[in-house]
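*Asks:* below: sequence and its predicted model.
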Amino acid sequence: MSDGGNPSCSTHNKTRTMIKPSRPLLLLILAVCLALGNAVRHRVKYVYDGDTVQLENGQRLRYLGINAPEVRHGDRKAEHMADAARNLNRELVLNAKVSLEYDKRRKDRYGRLLAYVFLENGETVNNILIQKGLAHVMINDEDIKYRALLLASQRTAIENRIGIWRELLKTDQNSYLGNRASHRFHKKTCRFSKEIKKIVWFKSRRDAYWEGYSPCRQCNP
Ligand SMILES: [Zn+2]
């Protein structure tokens with residue numbers, strides 16, 4: 001797991017010999033060094049879109065807890081703001097060294113890593129994309145680690161109508177139904193809506209996003 005130690009920790013060790021801190025402090029410094037040493041950094045080699053990148057070792061990584069607009073695939077048109085999301089992601093991580101934090105599942109069904117991505121300054125890339133309104137929260141599991149943080153950022157972006165939200169919330173319908181188990185929301189007419197066991201109704205698209213639900217890919221509510 002180690003990436004060869006953390007330079008700041010060796011500085012601490014030099015300081016130790018000079019000022020002779022107490023034993024509890026030494027133990028604390030040791031714990032921090034071990035924690036930092038375990039945070040392996042990866043260089044990002046390629047950025048596919050706003051939420052998927054390739055690491056230097058060839059592994060694909062999907063940002064956890066968010067979904068950015070899809071870029072153009074073949075004859076499928078790019079979604080609104082897809083280029084802006086990819087560009088921001090490139091600015092943030094391309095050729096940068098990032099560290100990853102995993103949640104319950106380490107990989108998705110396509111074999112991509114699922115993680116929160118941290119820049120060297122400690123900022124979370126997943127959260128920055130939400131803050132800028134260039135991705136929305138996508139929850140697959142009720143208690144993902146950073147759900148509250150991501151949702152708070154999304155609510156601010158919605159209130160300020162930035163990025164995707166200006167267009168997305170321009171028109172609205174009067175009811176959508178959500179699936180409490182999957183955290184997806186649907187049009188009333190969606191064929192999947194009949195299969196939902198734990199339904200929650202939303203009086204607007206905004207309300208669904210406000211609660212962290214993401215749109216069904218089939219009915220595109
Ligand atoms: Zn649907």
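*Replies:* The structure has been received and is ready for your questions. Numbering: from 1, shown residues only.

*Asks:* buried stuff in the host helix or strand of Leu149?
*Replies:* When elements are assigned from DSSP states H and E, Leu149 belongs to helix 147-160. Neighbour-count burial for helix 147-160 flags 147, 149-151, 153-155, 157-158 (criterion: 16 or more other C-beta atoms under 10 Å). For every residue, glycine as well, the C-beta is placed using N, CA and C.

*Asks:* likewise for stretch 73-88?
*Replies:* Neighbour-count burial for stretch 73-88 [16+ other C-beta under 10 Å]: 79, 81-82, 84-86, 88.

*Asks:* from these, pick the one nearest the ion.
*Replies:* Nearest to the ion among those, counting by C-beta to the ion, is Glu79 at 16.7 Å.

*Asks:* for the residue nearest in space to the middle of the chain, which three-state class applies?
*Replies:* Centroid-nearest residue in the chain: Asn126, 3.2 Å away (criterion: C-alpha atoms, centre = their mean). Recorded secondary structure, Asn126: helix (DSSP: H, G, I helix; E, B strand; the rest coil).

*Asks:* same check, this time on Ile162
*Replies:* Judged by three-state DSSP, the three-state class of Ile162 is coil.

*Asks:* check contacts around the closest residue to it other than its chain neighbours.
*Replies:* Nearest residue to Ile162, sequence neighbours excluded (C-beta to C-beta, 6 or more residues apart in numbering): Gly133, at 3.8 Å. For Gly133, the contact set (C-beta atoms under 8 Å, 6 or more residues apart in numbering) comprises 81, 157, 160-166.

*Asks:* quick one: contacts of the helix or strand harbouring Glu167?
*Replies:* Element membership of Glu167, judged by DSSP H and E, is helix 164-168. Under the criterion C-beta under 8 Å, 6+ apart, residues 69, 80-81, 133-136, 157-158, 205, 209 lie in contact with helix 164-168.

*Asks:* and the two most separated of the residues you listed?
*Replies:* Across those, the longest distance by C-beta to C-beta is 17.9 Å; it joins Leu134 and Arg205.

*Asks:* the more surrounded of those two?
*Replies:* Between Leu134 and Arg205, counting by other C-beta atoms under 10 Å, Leu134 is the more crowded of the two (26 against 20).

*Asks:* domain assignment for the protein?
*Replies:* As assigned by automatic domain parsing, the chain contains the domains 1-39, 40-170, 171-221.

*Asks:* mind putting the ones you listed in TSV, mean pLDDT included?
*Replies:* What follows is the domains of the chain, written out as TSV (pLDDT from 0 to 100):
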stretch	mean pLDDT
domain 1-39	55
domain 40-170	95
domain 171-221	93
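
*Asks:* dump those to CSV, plus distance to the ion.
*Replies:* Listed next are those as CSV, based on distance: least, C-beta to the ion, whole Å:
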stretch, distance to the ion
domain 1-39, 39
domain 40-170, 15
domain 171-221, 3
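
*Asks:* pretty sure Tyr116 sits against Val98.
*Replies:* No. Counting by C-beta atoms under 8 Å, Tyr116 stays clear of Val98, with 9.9 Å between them.

*Asks:* now the common contact residues for those two.
*Replies:* Joint contacts of Tyr116 and Val98 (C-beta under 8 Å, 6+ apart) are Val125.
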